[in-house]
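Colleague: Provided below for reference: sequence and predicted model.
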Amino acid sequence: MAPRSASILNIGQENNHHDCRTQHCPTPKLYYLVGPSGSGKDSLINALKQQTDINARLAFARRYITREQGVGEEGHIHLTPQEFTQRLEQGFFAMYWQANDCMYGISQQSINLLQQGKSVLVNGSRAYLPTVQAHYGDKLQVIALSVQQDILAQRLTQRARECQAKIAARLERNHEFESRLPDGSWLIDNSGDFAQAVHQLRQYLFTSLPSSAYKSRAEEIK
Ligand SMILES: Nc1ncnc2c1ncn2[C@@H]1O[C@H](COP(=O)(O)OP(=O)(O)OP(=O)(O)O)[C@@H](O)[C@H]1O
Ligand SMILES: O=P(O)(O)OC[C@H]1O[C@H](OP(=O)(O)O)[C@H](O)[C@@H]1O
């Protein structure tokens, strides 16, 4: 099947319509980017960081992961399992989850920016989404990437970050989360041209973020 071009739409548009392109969005948002492993979250985040006008209005929360840093990732902070547990016990993390044989955490410091009126983008987990919904309510904007399964398998294989068995486990995991997204989620199909997916996400963010910049360069909050 030929790859589809990137497309974007709101889940539940007809019942829960909120169009940031035409309405002022005064409150800071927690943009929670999810999607199957290999759907392009890191790639999109890296691309957005290059866009000065978006970057000036949006904080990118760094992830703490018990996996060593790999090429092409968005730049997480590696912790050993012991270090992760220690920080968890110290209350360092605002969000944390376990998946793919790793622990993932997002610091309190980055999420606290919301209280300072700043919008934050988190590379999240679909499994953890119900907890995020319960905590952040209408501050939350879910951005969900999808990619056709055969293309996803191809991309994971080409990326070669995991062995074939781990790739198979990731593809299997993806089935669990299909069709479990909340109304109002922004869906981006990244099966096709990457530049188009970046453009469409950019359009959404650009119109939904407050118009004033609060920083002048890439700022990742630890
Ligand atoms: N539209 C696209 N066309 C072709 N290749 C793409 C596209 N989007 C992403 N890729 C490639 O697919 C691979 C997976 O992308 P990426 O690592 O960004 O996904 P991810 O969602 O961050 O995965 P993970 O959750 O496993 O870290 C990368 O090699 C990336 O370069
Ligand atoms: O499958 P779900 O719960 O959506 O996500 C689980 C975790 O795995 C992926 O990270 P990575 O591929 O290890 O970097 C996601 O980004 C997320 O953090």
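Modeller: On my side now, so go ahead. Ligands and ions are numbered 1, 2, ... in the order given.

Colleague: need the contact list for V147.
Modeller: Contact analysis of V147 by Cβ atoms under 8 Å, 6 or more residues apart in numbering lists G35, P36, G38, S39, G40, R155, D189, N190, S191. The way it works is simple: take the backbone N, C-alpha and C, and place the C-beta from them, glycine included.

Colleague: Show the subsequent helix or strand relative to the helix or strand of the chain with the lowest mean pLDDT.
Modeller: Ranked by mean pLDDT, DSSP states H and E, the helix or strand of the chain with the weakest confidence is strand 8-10, at a mean of 42. Following strand 8-10 in sequence order, the next helix or strand is strand 30-34 (DSSP states H and E).

Colleague: Now the residue nearest to the spatial centre of the chain: closest residue in space, sequence neighbours ignored.
Modeller: Nearest residue to the geometric centre of the chain (Cα atoms, centre = their mean): L33, 2.2 Å. The shortest distance from L33 to any non-neighbouring residue, by Cβ to Cβ, 6 or more residues apart in numbering, is to I143 (4.7 Å).

Colleague: does that neighbour count as helix, strand or coil?
Modeller: strand (DSSP: H, G, I helix; E, B strand; the rest coil).

Colleague: where's Q115 relative to ligand 1, distance?
Modeller: Separation of Q115 from ligand 1 (Cβ to the nearest ligand atom, to the nearest Å) stands at 28 Å.

Colleague: What separation do you get for that residue and ligand 2?
Modeller: To ligand 2, Q115 is 24 Å away according to Cβ to the nearest ligand atom.

Colleague: count of residues packed around that residue?
Modeller: 8 (other Cβ atoms under 10 Å).

Colleague: what's next to the helix or strand encompassing H135, contact-wise?
Modeller: Using DSSP H and E, H135 maps to helix 129-136. With contacts defined as Cβ under 8 Å, 6+ apart, helix 129-136 is touched by L30, Y32, V34, M95, L114, G124, L140, V142, R180, L181, P182.

Colleague: what pLDDT, on average, does that helix get?
Modeller: Averaging pLDDT along helix 129-136 gives 95.

Colleague: ok, now stretch 160-180?
Modeller: Across stretch 160-180, the per-residue pLDDT values average to 85.

Colleague: For ligand 1, tell me whether that stretch is touching it.
Modeller: No. Using Cβ under 6 Å from any ligand atom, stretch 160-180 stays clear of ligand 1, coming no nearer than 6.7 Å.

Colleague: Dump that stretch to CSV, restricted to CA.
Modeller: What follows is stretch 160-180, C-alpha atoms only, in CSV (Å, rounded to 0.1, in the frame of the first residue of the first chain):
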residue,chain,number,x,y,z
ALA,A,160,18.3,-0.6,14.1
ARG,A,161,18.2,0.7,17.7
GLU,A,162,16.7,-2.6,19.0
CYS,A,163,17.3,-6.2,18.0
GLN,A,164,14.6,-8.0,16.0
ALA,A,165,13.0,-9.6,19.0
LYS,A,166,12.7,-6.2,20.8
ILE,A,167,11.3,-4.7,17.6
ALA,A,168,8.7,-7.5,17.4
ALA,A,169,7.7,-6.8,21.1
ARG,A,170,7.3,-3.1,20.4
LEU,A,171,5.1,-3.8,17.3
GLU,A,172,3.0,-6.1,19.4
ARG,A,173,2.7,-3.5,22.2
ASN,A,174,1.3,-1.0,19.7
HIS,A,175,-1.8,-3.2,19.1
GLU,A,176,-2.8,-2.7,22.8
PHE,A,177,-3.2,1.0,22.5
GLU,A,178,-5.0,1.5,19.3
SER,A,179,-8.3,3.4,19.7
ARG,A,180,-7.8,4.4,23.3
